[in-house]
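Novice: what's the 3D shape of this:
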Amino acid sequence: MKHRHDLFLCITCLLIAFLLTLSDGRQKDEALAARIAPEILRFHVLANSDSTEDQTLKLKVRTMLLNSIYEDLGENASLEETKDFVLTHTDSLERKAEHYMKKLGYNYPAHMELTNCYFPTKTYGDMVFPCGNYEAVRVKIGEGKGRNWWCVLYPPLCFTDSSYAVVPDASKAILKSSMDESDYKLISQEAPKIHIRFKLADLLLKKPEPTAQNPQ
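Specialist: Numbering: from 1, shown residues only. Below is the predicted model:
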C-alpha cells in the first residue's frame, strides 16, 4: 500500500513540474511576442464554415486580397503605410472580395477590420512567431465560423504553404533591423553555416611537397 502511495506522489510531482514548465515556456513566448508585436502586422482570414467548399473559398479570397494589397502597396511600403492602406481601402477591399465571391457563385458578405487578437505559435519558413497578442488585419467571410488562416502581412511573410516557404531576405532584414538582436535570434531558425571538409578531397587537391634531391 505504501508503495502505491509513493508512486502516486511521484507521478503527481512529475505532472506538476511538467505543467509548471509549460506555463513558464508560454509566459516567455508571450513576453517575446509583446516585445516584437509593435513591428509586425498579421493577416487573419475566417471562413464561413468548415465545409470543404467554404474552406477552399477562404484560400481563394485570401490569395486575391493579398495579391491586391501587395500590388497596390508596392514592395517598399512601411508598417504604417501598410496599416494606412488597409484603413483607407477597407470598403473597397470588402467590395472586391464580395464581387470575387459572387463570380464564384457565393453570396457571402466580407468584413475587414484592423484589430488586436491572440495568435498561437506559428512557423513561417525558418521564422517562428511566438504565441501572444498581435495587431492584425482580420477578414471574416460570411458567418466566420470556420477554420481560420493567418500569416504575417508586414513584413511580407504570407505564403500559400508557410510550412515550406522560404522567407525573403528583405523581410528578414526588416525584422532584424526593427527588433533587439537577441529577440531576432529567438524567432529565427536559420541553420548555422557549417563547412564540411572531406579528407579524400583534401588529399587529392593537396599539392605534393617538393622533395630534396641528393646531389650526384
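
Novice: for the residue nearest to the spatial centre of the chain, phi and psi?
Specialist: Centrality entry for the chain: nearest residue to the mean C-alpha point is Y124, 3.6 Å, by Cα atoms, centre = their mean. Dihedral angles of Y124 (phi, psi; degrees, to the nearest 10) stand at phi -120, psi 100.

Novice: okay, and the beta partners of it?
Specialist: In this structure, Y124 bridges to M127 when assessed by DSSP bridges.

Novice: and what of the one 10 residues further on?
Specialist: According to DSSP bridges, the residues that bridge with Y134 are C117.

Novice: contact partners for it?
Specialist: A33, A37, I40, L41, R42, N116, C117, F119 (Cβ atoms under 8 Å, 6 or more residues apart in numbering). No exception for glycine: its C-beta is placed from N, CA and C like everyone else's.

Novice: returning to what we had before: and the residue nearest to the centre of the chain, how close does it get to E71?
Specialist: Applying Cβ to Cβ, to the nearest Å, one obtains 21 Å for the distance of Y124 from E71.

Novice: what of Y106?
Specialist: For Y106 relative to E71 (Cβ to Cβ), the value is 23 Å.

Novice: again, but for G132
Specialist: Counting by Cβ to Cβ, the gap from G132 to E71 is 30 Å.

Novice: wait, what's in contact with L57?
Specialist: Applying Cβ under 8 Å, 6+ apart to L57 gives the contacts A47, N48, M101, L104, Y106, Y108, I141.

Novice: okay then, goodbye and thanks.
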